[in-house]
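J.: the following comprises the amino acid sequence and a computationally predicted model.
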Amino acid sequence: MSDTDLPASLIEIREDFLALEKQDKLLLLLEFANELPELPEKFAEHPDLLEQVVECQSPVFIFVEVDENRIVHLHATAPKEAPTTRGFASILAQGLTGLSVEQVLAVPDDFPNTIGLTEAVSPLRIRGMTALLGRTKRQVREKTAA
Amino acid sequence: MAVEPDPSAAFAGFAHPERLVSTAWLKAKLGTPGLVVVESDEDVLLYETGHIPGAVKIDWHTDLNDPVERDYIDGTEFAALLGGKGISRDTTVVVYGDKSNWWAAYALWVFTLFGHEDVRLLDGGRAKWEADGGEYTTLPSTPVAVDYPVVERDDSVIRAYKDDVLAHLGQPMIDVRSPEEFSGERTTAPAYPEEGALRAGHIPGAQNIPWGKAAAEDGTFRPVAELDALYRGQAGLNDGDDVVAYCRIGERSSHTWFVLTHLLGFENVRNYDGSWTEWGSAVRVPIVTGSEPGAAPKR
């Protein structure tokens, strides 16, 4: 996929990060962490619906919904002691929610490595976001399988 | 000029009680000339969410590791890092962090590779500071840069390389990973990312004492009698032993290195930072699976 095919939401997030120095990248990631919305009530009451992303260093759970218009909604929750993980989840929740099934499945698996965060948080930690994206795409596939 | 140690009775039984400070001590000493507080966490953003007033951040991965080679930074880089944080060679450094000081202990161990003399841990780390009502601020700390001398790192005393461990087989070794990693059921800690090892199991002869057993529920170190029962009792260590500790990348075993060296007084403890991600992928090194230590191969 060429850059022009990447959804506008993800291009914007990437450009915002790439424009910043290392310390400001961290602060932007923290902004994302603080913006992670609370889970909808139906999930808060049914933690069994959530899938744990075991590749992340801290407990993070995701749930993907595909609505009747084949639009993807990503919900995630992670503890406040894990702001980096919250930030990763928030980037994906904001960048993927509202996209079509096809658009989400077409997002390159290495998108997390391309937004300029690898150096700021370390390659080891960025793997957590790669795993989040991978599991999100897998859930989308499962939920749209005929 | 070192800041006086914390005289807390709680630390009195430890071999080197001056290596720990309590939250009460730190609250009273914040701002003392000659004292710098360092936060070192697993989560690279936690400091930014709020830190002890005046504390500076040192990240284990982005600051202390060489960005290219799998090694620590060198003396020149260490001098620039510490000087930039307002730390002089004679500064008293108190390190604290998340997860029972797991990463704080790793930073302390790296400071020790460079021979920084007065480096201590805040017992219980972030969790205890919060539980005791300690203050946080999001205001950036603005340390005044000072000169820190360029000191060559000395890996010969507290760091073990793979070849050192091969030569050490048959002598006391502590594997501080989870029982599942030790036995070979898995290569990573439960709920942690895959960090790449081709084989699962442990180094022959190693005793399995997961690092977290040394920490109480509130994140502080367990009393000396309980630590003795773990390491002298269960693991069978004896005074004078030459001990190697390892985990997956050398961070959890830094915590155990601190316990053995500073709390229990073992004088010859080395941390094998290559740990399982090196040993479990190295060609032609012996490994053992299952829950028993197993025997070192005949040589």
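T.: Received, thanks. Numbering: from 1, shown residues only, chains lettered A, B, ... in the order given.
J.: residue A:14 should be in a strand, yeah?
T.: No: counting by DSSP: H, G, I helix; E, B strand; the rest coil, residue A:14 is not part of a strand but helix.
J.: what sits against the closest residue to it other than its chain neighbours?
T.: Nearest residue to residue A:14, sequence neighbours excluded (C-beta to C-beta, 6 or more residues apart in numbering or on different chains): residue A:115, at 4.4 Å. Heads up, the C-betas are built off the backbone N, CA and C, glycines and all. Taking C-beta atoms under 8 Å, 6 or more residues apart in numbering or on different chains, we find residue A:115 in contact with A:13-14, A:17-18, A:91.
J.: for the residue nearest the centre of chain A, give me the pLDDT.
T.: The centre of chain A sits closest to residue A:92, judged by C-alpha atoms, centre = their mean, with a distance of 2.2 Å. Residue A:92 is assigned a pLDDT of 96 by the prediction.
J.: can you tell me the closest non-neighbouring residue to it?
T.: Nearest one to residue A:92, counting by C-beta to C-beta, 6+ apart, is residue A:132 at 5.6 Å.
J.: what's the neighbour count on that neighbour?
T.: Neighbour count for residue A:132, taken as other C-beta atoms under 10 Å in any protein chain shown: 26.
J.: and what of residue B:268?
T.: Number of residues near residue B:268 (other C-beta under 10 Å) recorded here: 15.
J.: next one: the closest residue to it other than its chain neighbours from residue B:267, what distance?
T.: Nearest non-adjacent residue to residue B:268, counting by C-beta to C-beta, 6+ apart: residue B:242, 4.4 Å away. From residue B:242 across to residue B:267, the span is 9 Å (C-beta to C-beta, to the nearest Å).
J.: for the helix or strand of chain A with the lowest mean pLDDT, packing partners?
T.: Least confident helix or strand of chain A, by mean pLDDT, DSSP states H and E, is strand A:51-52 with a mean of 74. Under the contact definition 3 or more C-beta pairs under 8 Å, 6 or more residues apart in numbering or on different chains; DSSP states H and E, strand A:51-52 sits against strand A:61-66.
J.: strands paired with the strand it packs on, and their directions?
T.: The pairing partners recorded for strand A:61-66 under DSSP bridges are strand A:51-52 (antiparallel), strand A:72-77 (antiparallel).
J.: still on that earlier bit, quick check: buried residues in the helix or strand hosting the residue nearest to residue A:92?
T.: In the assignment (DSSP states H and E), residue A:132 maps to helix A:123-144. Across helix A:123-144, burial judged by 16 or more other C-beta atoms under 10 Å in any protein chain shown covers A:125-133, A:135-137, A:139-140.
J.: got the phi/psi numbers for residue B:149?
T.: Residue B:149 adopts backbone torsions of phi -70, psi 150, taken as degrees, to the nearest 10.
J.: and residue A:86, which of the three is it?
T.: What three-state DSSP gives for residue A:86 is helix.
J.: that one and residue A:36 touch, don't they?
T.: Yes: if you go by C-beta atoms under 8 Å, residue A:86 and residue A:36 touch, sitting 4.9 Å apart.
J.: between these two, which one's more packed in?
T.: residue A:86 (27 against 23).
J.: pretty sure the residue nearest to residue A:92 is touching residue A:62, no?
T.: Yes: counting by C-beta under 8 Å, residue A:62 is a contact partner of residue A:132 at 6.6 Å.
J.: am I right that residue B:285 sits in a strand?
T.: No: using three-state DSSP, the assignment for residue B:285 is coil, not a strand.
J.: count of neighbours near the closest residue to it other than its chain neighbours?
T.: Excluding the flanking residues, the one nearest residue B:285 by C-beta to C-beta, 6+ apart is residue B:279, at 5.9 Å. Using other C-beta under 10 Å, the number of residues around residue B:279 comes to 22.
J.: so where does the residue nearest to the centre of chain A fall, helix or strand?
T.: helix A:83-96.
J.: report the inter-axis angle for that helix versus helix A:123-144.
T.: 40 degrees (axes from the mean of the first three to the mean of the last three C-alpha atoms, to 10 degrees).
J.: what about residue B:225, distance to chain A?
T.: Using C-beta to the nearest C-beta, to the nearest Å, residue B:225 is found at 30 Å from chain A.
J.: wait, residue B:43
T.: 5 Å.
J.: pLDDT below threshold where in chain A?
T.: A:1-4, A:53-58, A:146 (pLDDT under 70).
J.: near chain B, which residues of it show up?
T.: Residues of chain A lying near chain B by C-beta under 8 Å from any C-beta of the partner chain: A:26-27, A:29-30, A:33, A:52, A:54-59, A:80-85, A:87, A:119-122, A:124-125, A:127-128, A:131.
J.: go again using 6 Å as the cut-off
T.: Contact residues, chain A versus chain B (C-beta under 6 Å from any C-beta of the partner chain): A:26, A:30, A:54-55, A:82-84, A:121-122, A:127.
J.: which among those gets closest to residue B:61?
T.: Each of the residues of chain A next to chain B was scored against residue B:61 by C-beta to C-beta, and residue A:122 proved nearest at 3.9 Å.
J.: just to revisit the earlier point, dump the contacts of residue A:115 into a markdown table; add distance to residue B:96 and neighbour count as well.
T.: Formatted as a markdown table, the contacts of residue A:115 follow (distance: C-beta to C-beta, whole Å; neighbours: other C-beta atoms under 10 Å in any protein chain shown):
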| residue | distance to residue B:96 | neighbour count |
| --- | --- | --- |
| A:13 | 33 | 20 |
| A:14 | 34 | 19 |
| A:17 | 29 | 19 |
| A:18 | 33 | 12 |
| A:91 | 29 | 28 |
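J.: just these now: which is nearest chain B?
T.: For the contacts of residue A:115, the residue nearest chain B by C-beta to the nearest C-beta is residue A:91; the value is 12.7 Å.
J.: which residue packs closest to that closest one, ignoring adjacent ones?
T.: residue A:32 (5.3 Å).
J.: and the one you found, which of the three is it?
T.: Applying three-state DSSP: residue A:32 is helix.
J.: my guess is it meets residue A:92, correct?
T.: No: if you go by C-beta atoms under 6 Å, residue A:32 and residue A:92 don't touch, sitting 9.6 Å apart.
J.: list the contacts for residue B:209?
T.: B:174, B:230, B:235 (C-beta atoms under 6 Å, 6 or more residues apart in numbering or on different chains).
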